[in-house]
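K.L.:
Let's see this in three dimensions:
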Amino acid sequence: MSRYDFRKFGVKVVYAAMVACIALISLSMLYPFVNTFLNSLKSTEEFFAFPAPFFPSEWLWGNYRESLTYLNIGLHFKNTILIFAGNTFFSLIFMGLAAFSLSHLRVPAKKWITLYFMTTLLIPSASYLIPNFLNLKELGLLNSYWAFWLPACANAFYLLLLKNFFDGIHKELFESARMDGASEWRCFIGIAVPLSAPILMTLVLLGFSTAWNDFYWSSLVMQEDKLPLAAAIYTKIIYPGSTINWNVRFAILSMTLLPPLMVFLFFQRYIIRGLSLGAVKG
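P.N.:
Presented below is the predicted three-dimensional model:
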């Protein structure tokens, strides 16, 4: 917007309205995080007081120390990281090779194969929840990390993003490498993967979000000692019937909010860039 346009009264009004809307949206998104943190520092009496004070009269940091006696955060955090690492490794390897093959190799009926994978995006995830569970049970993979890693190898959304990104890489690069004697595997590792760093980083962050927030599937296929953090919080802290004080529950929730919040604050530019580069091209 030029300085000349900004001098107009109507432009100033519209600009002020836009800024006010952005501020209101930002406050509405920040309020749950701030409220969770402040509730974690209140006493039990203040938490149930009506009307409840927004700020605690005394900041009880001991609620965080008490919360550690109810939940082994280190164990469940380790389980979450292992699930995330395996999901990311296997999904990027298998989906990356599949997307590269459909983009730059001579695969018979590749358009129909791509269409077959894309149609799976239209199937509700709840419809294949029970078949997945029964298959894993027959394979003896319940209560193991393979209950997460194996389904992650067939992620059609990752395939869509990777294929659209690989389609934008010039085929002349791979043809030149083949003329110099490079194999298809060498073309994938040496050319496609380095050029795909933005979309790969985006998929890693999306995988972290999925692994961190998942609790329903985890509670079905995992037992207590291998539960990820979100499922452990649900089954031990949030589940109806728990006798833990609410301020202590909010202390646990506040601690678990920090890792994903920090990750997305520092790496949000990679998500936006990767999704725009991997978007469907007309």
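K.L.:
Only the buried residues of stretch 135-153, if you could.
P.N.:
For stretch 135-153, a neighbour-count test (16 or more other C-beta atoms under 10 Å) marks 136, 141, 145-153 as buried. Every residue, glycine included, has its C-beta placed from N, CA and C.
K.L.:
Using a markdown table, lay out these together with pLDDT, secondary structure and distance to E175.
P.N.:
Formatted as a markdown table, the buried residues of stretch 135-153 follow (pLDDT from 0 to 100; DSSP: H, G, I helix; E, B strand; the rest coil; distance: C-beta to C-beta, whole Å):
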| residue | pLDDT | secondary structure | distance to E175 |
| --- | --- | --- | --- |
| L136 | 91 | helix | 42 |
| L141 | 89 | coil | 42 |
| Y145 | 92 | coil | 40 |
| W146 | 92 | helix | 39 |
| A147 | 92 | helix | 42 |
| F148 | 92 | helix | 38 |
| W149 | 92 | helix | 35 |
| L150 | 90 | helix | 35 |
| P151 | 88 | helix | 36 |
| A152 | 89 | helix | 32 |
| C153 | 88 | coil | 29 |
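K.L.:
what about the residue most central in space within the chain, helix or strand, and which?
P.N.:
The centre of the chain sits closest to S209, judged by C-alpha atoms, centre = their mean, with a distance of 1.9 Å. Assigned by DSSP states H and E, S209 falls within helix 197-213.
K.L.:
I'd like to know how many residues surround E58.
P.N.:
E58: 9 surrounding residues under other C-beta atoms under 10 Å.
K.L.:
I'd guessed it sits against S43; true?
P.N.:
Yes - E58 is within contact range of S43, at 7.0 Å (criterion: C-beta atoms under 8 Å).
K.L.:
if we can go back for a sec, what mean pLDDT does the helix holding S209 have?
P.N.:
Mean pLDDT, computed over helix 197-213, is 86.
K.L.:
wait, doesn't the residue nearest to the centre of the chain sit right on P260?
P.N.:
Yes - judged on C-beta under 8 Å, S209 makes contact with P260 at a distance of 6.7 Å.
K.L.:
give the contact list for the residue nearest to the centre of the chain.
P.N.:
Neighbour list for S209: 260, 264 [criterion: C-beta atoms under 8 Å, 6 or more residues apart in numbering].
K.L.:
Check S57 too.
P.N.:
For S57, the contact set (C-beta under 8 Å, 6+ apart) comprises 43, 46.
K.L.:
Not counting its neighbours along the chain, what's nearest A154?
P.N.:
The shortest distance from A154 to any non-neighbouring residue, by C-beta to C-beta, 6 or more residues apart in numbering, is to F94 (7.5 Å).
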